[in-house]
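Visitor: Please find the sequence and the predicted model below.
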Amino acid sequence: MNAILSGPVAPSAQRRAEFLAAWPAFAATEALDRLRQSEFSRLDRQGHVYLDFTGGGLYGESQVRRHANLLASHVLGNPHSRNPTSRTATELVERCRRRVLEFFRASPEEYLVIFTANASQALKLVGESYPFAPGDEFLLTYDNHNSVNGIREFDRAHGAHTTYIPVAPPEMRVDGAALQRSLDRARPGRHNLFAFPAQSNFSGVQHPLEWIADAQAKGWDVLLDAAAFVPTNRLDLSRWHPDFVALSFYKMFGYPTGAGALIGRREALCKLHRPWFAGGTIEVASVQADRYAMAAGAAAFEDGTLDYTSLPAVELGLDFIEAAGLDVIHQRVRCLTGWLLQRLAAFLVGGAGEKVEHH
Ligand SMILES: Cc1ncc(COP(=O)(O)O)c(C=O)c1O
């Protein structure tokens, strides 16, 4: 909500009129100007123009106040116990899990929310647990974040094969026919994992989410890196059904910074084998018998103690952007990004520039 609000350097009335004529949808997002005054006035007080939306969103002041009030009015104990303070923490964390599913319109019968420290940890959970073996395939686009690229090290360590699908300049998009040919090479009876970013943090390109069902129909498990996409776009998991989704909450609403999630299809999560166990991930482990039994559900993937004082702030963050309106945020960013691209293009060619659409 930072880059998307007019900055302290006010444009001239004429410039603003030209901008609004070119991007009329912007006018319908003026509620965000009021939000800037009520929630983000520190930007103006300190003279910041903050544009790093994919790097990290900014939190509204009320998010922090509501979280502080929640902490001050509850006694929270480690959820790995059963005393009243522990039960309160568990209730808040579980409520937050339900809220995340609801926000992404994911059915609780189909999806499970696993809390992680960030998107990278969510991606690593998939990489380290995916049952790669010789003959298996890891397919990914060129424009992935390094935390997706890093999965190839797990893949190689288990003798599986990695294939990259190129993106072509100047648009940095994937050739659809080449992608379909690669998807056709899924090996029957083997484990095939296809990973792509819903929005690339390298190019800003948003890939077609239709790839998800296409790939699944051809025998792939699909890992969708949604970290750069979800801050300004609705990811509707009742419409799209990737097997694994990775994201960081701080990119969406700035606070808390130590929380992300792996949202996984229950069926797909059953394929994963954790390479180790830890406190919290098991029902029981025997030192003498050298055996252990994994916990059921999300707990099997959440090593040690969750950040149970921070996680309730995720629910407050989701409330915050829901109240601002994700569609309004999306429109604002679409207009400003389009305008920026248009101006940059004009700058490069020394002319007025074409109107560049950004979705
Ligand atoms: C597309 C994408 N994937 C993954 C990440 C990694 O996120 P984090 O650093 O929060 O783990 C980022 C961060 O910029 C990103 O943009």
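Guide: Structure received. Residues are numbered from 1 along each chain as shown.

Visitor: The ligand contacts on this structure?
Guide: Counting by C-beta under 6 Å from any ligand atom, the chain comes close to the ligand at 54, 118-120, 145, 147, 197, 201, 225, 227-228, 248, 260. C-beta coordinates here come from the backbone N, C-alpha and C atoms, glycine included.

Visitor: which helix is the longest one in the chain?
Guide: Looking across the chain with DSSP state H, the single longest helix is helix 326-349.

Visitor: How far does that helix sit from its chain's centre?
Guide: 22 Å (C-alpha atoms, centre = their mean, to the nearest Å).

Visitor: Tell me which residues of stretch 68-85 come out buried.
Guide: Judged by neighbour count (16 or more other C-beta atoms under 10 Å), stretch 68-85 contains these buried residues: Leu70, Leu76, Gly77, Pro79.

Visitor: if we can go back for a sec, among the residues of the chain next to the ligand, which are in helices?
Guide: Judged by DSSP H, helices contain the following of those: Ala119, Ser120, Ser147.

Visitor: Might you list the low-confidence residue ranges for the stretch 201-350 of the chain?
Guide: 350 (pLDDT under 70).

Visitor: Where do the helices of it begin and end?
Guide: 210-217, 249-253, 266-269, 312-324, 326-349 (DSSP state H, counting those that start in this stretch).

Visitor: tell me which residues in the second one are buried?
Guide: Buried residues in helix 249-253, counting neighbours by 16+ other C-beta under 10 Å, are found at Phe249, Tyr250, Lys251, Met252, Phe253.

Visitor: could I get the residues of the chain next to the ligand as TSV with neighbour count?
Guide: Shown next, in TSV, are those (neighbours: other C-beta atoms under 10 Å):
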residue	neighbour count
Thr54	17
Asn118	21
Ala119	26
Ser120	19
His145	19
Ser147	18
Pro197	25
Asn201	17
Asp225	28
Ala227	28
Ala228	24
Ser248	25
Gly260	24
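
Visitor: Sort out which one of these lies nearest Val64 for me.
Guide: Nearest to Val64 among those, counting by C-beta to C-beta, is Ser248 at 18.1 Å.

Visitor: quick one: which two of the buried residues of helix 249-253 are the most distant?
Guide: Most distant of the buried residues of helix 249-253, by C-beta to C-beta, are Lys251 and Phe253, 8.3 Å apart.

Visitor: you'd agree Tyr59 is up against Met252?
Guide: No. The criterion here is C-beta atoms under 8 Å, and Tyr59 misses it with Met252 at 10.1 Å.

Visitor: Name the residues contacting each of these two.
Guide: Contact with both Tyr59 and Met252 is made by residues Gly317, according to C-beta atoms under 8 Å, 6 or more residues apart in numbering.

Visitor: mind checking the backbone torsions on Tyr164?
Guide: Main-chain torsions, Tyr164, degrees, to the nearest 10: phi -100, psi 140.

Visitor: Tell me how many other residues surround it.
Guide: 15 (other C-beta atoms under 10 Å).

Visitor: Surely it touches Phe138?
Guide: No. Tyr164 is beyond contact range of Phe138, at 9.6 Å (criterion: C-beta under 8 Å).

Visitor: distance of the closest residue to Phe104 other than its chain neighbours from Ala21?
Guide: Residue nearest to Phe104 in three dimensions, not counting chain neighbours: Leu237, with 4.7 Å by C-beta to C-beta, 6 or more residues apart in numbering. With the distance defined as C-beta to C-beta, to the nearest Å, Leu237 ends up 37 Å from Ala21.

Visitor: which parts of stretch 294-311 are buried?
Guide: Quick answer for stretch 294-311 (16+ other C-beta under 10 Å): 294-295, 298-303, 306-308, 310-311.
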